[in-house]
Structures are given as structure tokens and as C-alpha cells.
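[1] this is a predicted model, with the sequence first.
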Amino acid sequence: MTDFKLHDKASAPEDSKPLLEGSEKSFGMIPNLHAVMAEAPGLLKAYQDIHELFVNSSFDKNELTVVWQTINVYHDCHYCVPAHTAIAKQMGADDGITENIRAGKSLDDSKLQALREFTLAMLEKRGQASESDLSAFFNAGYNNRQALEVVLGIAQKTMSNYTNSITGTPVDEPFQKFI
């Protein structure tokens, strides 16, 4: 496998340096995912921008966790599953969400389970959700905006999950306890 560099502010391409500075300010460190993405400044910027947009979507902390972890587990992302377990804890999301998704169990909350099932349908059908997939999602209390925000979450996590897959991004020390 090709070796991918974990960039720091000194080694990163010029356009990635301010992005890594922003990562360090936000996280108190440069996450290895960002260090790897820094090789391609456009990817790192797009990831950071989409992350911010998704965090500020209409989803609450539990719903964000459902979408992120459903995608991470579906893609078997060795990095993002533990990273988002830590993020969910930091946000104060319900621990049972991540535990159940990781274990392949249904969620206790039927509305969150509908969100998970819709996210899975979008992944498995590569965006070709059926009318019944959409109806179940809407009948659970979600709306058109939120259907499109699932697409936003999939875009964000696809960037990171695929990056981690091809680069073998090492899991940061703060996230290792959640592997």
C-alpha cells in the first residue's frame, strides 16, 4: 500500500496550513484524518466545510450521531467509528445509539430507528431510495429538508470513510479507547 503522510503545519501544502491551524484550534490537536487529508487541500477544506454544515443542520445531537455512526459502521471505518463515539460522548448524545448501531441492534427510539433505516437505504441503494423508504422516513416525523440533510451527512462521511480506507489513517490516541 502507498504510504500517506500525516502532515503537520510545517509539512503540509501551503493551502492546507491554515486549515490545519483551524483544526488545532477546534480540537486542541490536529486529528490524523485532517493530517492525511491535508495532502489534498481541497479535500480537507470540503470536509471541514461540510462537517460544519452538517453539524448546523436541523438534526439534534442524537440524530447527528445516528447518521454519522450508521454510515461509519456501514463502511466499516476503523477510524471514524471510534472518533464519532468520542464526539458523541463529547456532545452528550445517548450512548445507547452508538452501542446499538455498532452491535447491529435496533435503536430504542422509533424515530431514530427510522432515520437509521433511511440512511441505510440511501447507502445500500446508492441514493435510489424507494417511495416506501421515503414514506417510512416521513411517517416517523422527518421532512424533505431532513431527507436532503441525510445526503449531506453521507457526503461528509464518504469523504472521511474512503480517505481512511485507502490511507489506513492511524486512530488518534484520544479515540483509541473507543475502538
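    Structure's in. What do you need? The shown structure was predicted, so the numbers you read here are calculated from the model rather than taken from an experiment. Residues are numbered from 1 along each chain as shown.
[2] how does this protein divide into domains?
    Taking automatic domain parsing as the domain assignment, the ranges for the chain are 7-56, 61-178.
[3] reformat these as a markdown table; add mean neighbour count and mean pLDDT.
    Every residue, glycine included, has its C-beta placed from N, CA and C. Converted to a markdown table, those look like this (neighbours: other Cβ atoms under 10 Å; pLDDT from 0 to 100):
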| stretch | mean neighbour count | mean pLDDT |
| --- | --- | --- |
| domain 7-56 | 17 | 97 |
| domain 61-178 | 18 | 97 |
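[4] residues in contact with the helix ranked longest in the chain?
    With residue count as the measure and DSSP state H as the assignment, the chain has helix 144-167 as its longest helix. Contacts of helix 144-167 with the rest of the structure, by Cβ atoms under 8 Å, 6 or more residues apart in numbering, involve 4, 33, 36-37, 43, 46-47, 50-51, 53-54, 57-59, 64, 67-68, 71-72, 75, 77-80, 115, 118-119, 122-123, 127, 129, 134, 137-138, 169.
[5] what distance separates that helix from the centre of its chain?
    Relative to its chain's centre, helix 144-167 lies at 6 Å (Cα atoms, centre = their mean, to the nearest Å).
[6] dump it to PDB, keeping only the CA atoms.
    The C-alpha atoms that make up helix 144-167 are tabulated as PDB, following Å, rounded to 0.1, in the frame of the first residue of the first chain:
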ATOM      1  CA  ASN A 144     -38.000  16.900   2.900                       C
ATOM      2  CA  ARG A 145     -35.200  19.100   4.300                       C
ATOM      3  CA  GLN A 146     -34.000  16.300   6.600                       C
ATOM      4  CA  ALA A 147     -34.000  13.800   3.700                       C
ATOM      5  CA  LEU A 148     -31.700  16.100   1.900                       C
ATOM      6  CA  GLU A 149     -29.600  16.600   5.100                       C
ATOM      7  CA  VAL A 150     -29.000  12.800   5.200                       C
ATOM      8  CA  VAL A 151     -27.400  13.300   1.700                       C
ATOM      9  CA  LEU A 152     -25.200  16.000   3.300                       C
ATOM     10  CA  GLY A 153     -24.200  13.600   6.100                       C
ATOM     11  CA  ILE A 154     -23.400  10.900   3.600                       C
ATOM     12  CA  ALA A 155     -21.200  13.200   1.600                       C
ATOM     13  CA  GLN A 156     -19.300  14.200   4.600                       C
ATOM     14  CA  LYS A 157     -18.700  10.700   5.900                       C
ATOM     15  CA  THR A 158     -18.000   9.300   2.500                       C
ATOM     16  CA  MET A 159     -15.100  11.700   2.200                       C
ATOM     17  CA  SER A 160     -13.600  10.600   5.600                       C
ATOM     18  CA  ASN A 161     -14.500   6.900   5.400                       C
ATOM     19  CA  TYR A 162     -13.000   6.500   1.900                       C
ATOM     20  CA  THR A 163      -9.900   8.500   2.900                       C
ATOM     21  CA  ASN A 164      -9.400   6.400   5.900                       C
ATOM     22  CA  SER A 165      -9.800   3.200   3.900                       C
ATOM     23  CA  ILE A 166      -7.200   4.000   1.300                       C
ATOM     24  CA  THR A 167      -4.700   5.600   3.700                       C
END
